[in-house]
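*Asks:* give me coordinates for this.
(one chain, ligands or ions: 1)
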Amino acid sequence: MLSSTLRNTVSRGFSNTAAKSTIGAVRTKVSLPDLDWDFGALEPHISGQINELHYTKHHQTYVNGYNTAIEQQAEAKSKGEVKKTIELQKNINFHGGGYTNHCLFWKNLAPEKQGGGEPPSSDSELAQRIASQYGSIENLQSVANAKLAGIQGSGWAFLVKNKENGGALDVVTTYNQDTVTGPLVPLLAIDAWEHAYYLQYQNVKADYFKAIWNVINWKEAEKRYLVN
Ligand code: MN3
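*Replies:* Model prediction:
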């Protein structure tokens, strides 16, 4: 139930961030997704304090910012204010990306008691793809951690499936709240903003990147690999 609610919310976010005309369309406000676990459930890898602030403050800000920008843009469009309409698109992309990325992030994390950190089943398509491309899940994690470490400032790393390349996997990074679009289907989203780790890991972000694999929800990544 929760997962289908979240999936609906995520897909709604994607369709809203696509710059299609909203004239005459019903604008649905986005809201925070339900979490499948308590704030403290990812400890010791991610502290409860981080999760609480991250979800109730940071993610909420993107929700609010997106809803506001969509309303403002609809108003600007209705008045024929082209310059303002274009300017507001920046806010829509930023907050809509932040909203979407965090929905992916929460869902692709799970407490160890709920399967967090357990690699995908070896007979799954995803596990076989990882083995053929990276040799092992450990190698994939090393590639991802190196890319995460290479982000200068705020951004995200995504494990993606490229629909235009036979479903090949790749690890891509984005800056700020840019999300992945087009043929790139996000399987995992990892938040590399300081707010995601600083209260616990301070300046040693490499330790956060290592630790997060203990709470990665590979079951969710497997689902995303198959569904999309
Ligand atoms: Mn964040």
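*Asks:* check this structure for the residue nearest the ion and tell me.
*Replies:* Nearest residue of the chain to the ion, counting by Cβ to the ion: Asp191, 4.2 Å away. Backbone N, C-alpha and C define where each C-beta goes, glycine included.
*Asks:* if I pick the residue nearest the centre of the chain, what's in contact with it?
*Replies:* Nearest to the geometric centre of the chain sits Asn101, at 2.8 Å (Cα atoms, centre = their mean). When the contact criterion is Cβ atoms under 8 Å, 6 or more residues apart in numbering, the partners of Asn101 are Trp156, Gln177, Thr179, Ala189, Asp191.
*Asks:* let's see it at 10 Å
*Replies:* Residues near Asn101 by Cβ atoms under 10 Å, 6 or more residues apart in numbering: 10, 13, 59, 62, 155-156, 158, 174, 176-180, 186, 189-191, 193.
*Asks:* can you check Gly182 too?
*Replies:* Contacts of Gly182 by Cβ under 10 Å, 6+ apart are Asn162, Lys163, Glu164.
*Asks:* one more time with 8 Å
*Replies:* Going by Cβ under 8 Å, 6+ apart, the list of residues near Gly182 is empty.
*Asks:* now it: how far from Lys57?
*Replies:* Counting by Cβ to Cβ, to the nearest Å, the gap from Gly182 to Lys57 is 31 Å.
*Asks:* got any ranges where the chain has weak pLDDT?
*Replies:* Applying pLDDT under 70 to the chain flags residues 1-27, 228.
*Asks:* list the buried ones in the lengthiest helix in the chain?
*Replies:* Criterion DSSP state H: the longest helix present in the chain is helix 82-107. Of all the residues in helix 82-107, those buried under the rule 16 or more other Cβ atoms under 10 Å are 85, 88, 91-107.
*Asks:* so Tyr197 makes contact with Ala206?
*Replies:* No: if you go by Cβ atoms under 8 Å, Tyr197 and Ala206 don't touch, sitting 10.1 Å apart.
*Asks:* which one of those two is surrounded by more residues?
*Replies:* Legend: neighbour count by other Cβ atoms under 10 Å for Tyr197 and Ala206, higher for Tyr197 (23 against 13).
*Asks:* sounds good, over and out.
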